[in-house]
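Visitor: for reference, the sequence and a predicted model appear below.
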Amino acid sequence: MGNRVNIAQQDTLEEVLSLLKTEAVYGFIEHCNILSPGSRIEYIGLNKDYAPLTVTMGGGFSLNGWAGFPLLKANKPYMVKADGTPDYRLDENDYTKKEDGSASDVASTSYNGGAFSWLMKIYKREYMAGDDRYVLFRFEKADGFEPVGFLDPDNKELEGVWLPMFYGSIVADKMRSISGVQPDYSKNTATQKTAIDAFGSRAKFLGGPIVETIIDLLIMFAKTTELQTAYGCGNMSGYDASLDPTYGVKKNAVVGGGQFYGTSDGQSLNKIFHSIVLGSYNQWMRDPYEVVVNGRVKVSKNYSYDVTGAAYSDTGINVENRPESNGWNYPHRYQTVPGYGSIPVAPYKGSTSTGGCDGLYRHASQTTITAVALRFGRCNDGRAGGPRARSWRSTAGIAHWALGAAILLLPPVGVAA
């Protein structure tokens, strides 16, 4: 953006909006001091007058003003080789078929790879201005914009990433992303890491900065922070004590309906960007790229792995102890961490339907443990779960029926779908 990159220092909001439109930037302001989930999001840039995306519960969606958005147009389902290169496209409405109608490998346990959807690279700039969080996106490089979530552990820029279409399942000691198998459960972080590494050297945990970028895209597309209402509630209330040992965590399955599929019954698998992991709230997803070390939040910005947090970036954000026993909080304020995303900060004045709308679960003695973040929620968390939901209560060694993992697959540098 040349000499005008420092948008935060523009004299008036009108000048900011004019600059954004001139510079082909999309974005929004999250007014953190406004609790109403729709009113707290203000469109800016090229999308200032867009109609938000809508998902019809029970089937169907309309991209509305976002119909021509390149990232959405490029988001397609594939079978992908273990090295991160695409093999072939899947039928967008029936993943059991290839594009040509022949049978796919979506449920094959012998396929050397898995089912993933392509999320193309987009550049992001995020900053705070008082109580407001500005989030800006563009498709070309510019000063102040970073490929947040699109850097590999060598800090090499990627053309996109492969999102898991299914929850991770360990088959023959290897983590998979395929249909027809039960999601992994009752494994600790080290076991999950070994199984992900066995998939291939480009396989990582689904977590870290790409999840933060996805959350902001979802907020922008729907123009609200009430993301479960906007995209569907998934299996947020499917818990059944009689279903030992998985207690209602549903088996990976093909869900029709294309790119997005949402329901409101609280017991169904849903999809966001062709991924049931992002839309179903079936099981907590372990995210070792965000840890809380003795009350301090530390993050990995490039999928480097260190569950002690020693090699991670210090966010400067402290998480206070809870005076009461373990339990949910509901954030309304989120603090920008450059190159990573946003982290919820106290005080927590939201609810399941106000502020950020999704819950934060903290340990009673946050300053005495090293906690590995969990994402999205599980099948008995109800409306506390959602894309923005986090838990900071569990150490790397914990294993539980409600804790799983999923594969984020990085393509080789320079490879695009």
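Guide: Cool, got the structure.
Visitor: distance of residue 333 from residue 317?
Guide: Remark: distance between residue 333 and residue 317 (C-beta to C-beta, to the nearest Å) = 11 Å. Just so you know, the C-beta spots here come from the backbone N, C-alpha and C atoms, and that holds for glycine as well.
Visitor: tell me if residue 217 really is in a strand.
Guide: No - remark: residue 217 does not belong to a strand; assigned using DSSP: H, G, I helix; E, B strand; the rest coil, it is helix.
Visitor: return the residues in contact with it.
Guide: 71, 122, 137 (C-beta atoms under 8 Å, 6 or more residues apart in numbering).
Visitor: what do you get for residue 383?
Guide: Going by C-beta under 8 Å, 6+ apart, residue 383 touches 228, 233, 236, 352-353, 357.
Visitor: tell me who's in contact with residue 287.
Guide: Contact analysis of residue 287 by C-beta under 8 Å, 6+ apart lists 205-208, 211, 372-375.
Visitor: again, 7 Å this time
Guide: 205, 207-208, 211, 373-375 (C-beta atoms under 7 Å, 6 or more residues apart in numbering).
Visitor: quick one: buried residues of stretch 81-91?
Guide: Across stretch 81-91, burial judged by 16 or more other C-beta atoms under 10 Å covers 81-82, 84-87, 89-91.
Visitor: do the same with stretch 155-167
Guide: Per 16+ other C-beta under 10 Å, stretch 155-167 contains these buried residues: 158-167.
Visitor: can you pull out the helices in the stretch 101-250 of the chain?
Guide: 189-199, 209-222, 227-231 (DSSP state H, counting those that start in this stretch).
Visitor: and those helices as JSON lines, adding distance to residue 302 and mean pLDDT?
Guide: Converted to JSON lines, those look like this (distance: least, C-beta to C-beta, whole Å; pLDDT from 0 to 100):
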{"stretch": "helix 189-199", "distance to residue 302": "16", "mean pLDDT": "98"}
{"stretch": "helix 209-222", "distance to residue 302": "8", "mean pLDDT": "98"}
{"stretch": "helix 227-231", "distance to residue 302": "26", "mean pLDDT": "97"}
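Visitor: I'd like to know how far the closest residue to residue 293 other than its chain neighbours sits from residue 151.
Guide: Take residue 293 and drop its neighbours on the chain: the residue closest to it by C-beta to C-beta, 6 or more residues apart in numbering is residue 309, 4.3 Å away. For residue 309, the distance to residue 151 (C-beta to C-beta) stands at 19 Å.
Visitor: and for residue 379?
Guide: 33 Å.
Visitor: neighbour-wise, which of these two wins?
Guide: residue 379 (28 against 21; other C-beta atoms under 10 Å).
Visitor: and the more buried one, what is it in contact with?
Guide: By C-beta under 7 Å, 6+ apart, residue 379 lies in contact with 235-236, 238-239, 248-249, 282-283.
Visitor: right, and the pair among those with maximum separation?
Guide: Taking every pair in these and measuring C-beta to C-beta, the maximum separation is 11.9 Å, between 236 and 249.
Visitor: give me the neighbour count for residue 190.
Guide: 13.
Visitor: show me where pLDDT drops low in the chain?
Guide: In the predicted model, the chain carries pLDDT under 70 at residues 1-22, 323-326, 364, 366.
Visitor: just the buried ones from the contacts of residue 383, in ChimeraX syntax?
Guide: If you want just the buried ones from the contacts of residue 383 in ChimeraX, going by 16+ other C-beta under 10 Å, the selection is:
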select :228,233,236,352,357
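Visitor: tabulate the contacts of residue 383 (a markdown table), appending distance to residue 339.
Guide: Below are the contacts of residue 383 laid out as a markdown table (distance: C-beta to C-beta, whole Å):
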| residue | distance to residue 339 |
| --- | --- |
| 228 | 28 |
| 233 | 32 |
| 236 | 31 |
| 352 | 30 |
| 353 | 31 |
| 357 | 25 |
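Visitor: ok, residue 226 touching residue 37?
Guide: Yes - look at residue 226 against residue 37 with C-beta atoms under 7 Å: they come within range, at 3.9 Å.
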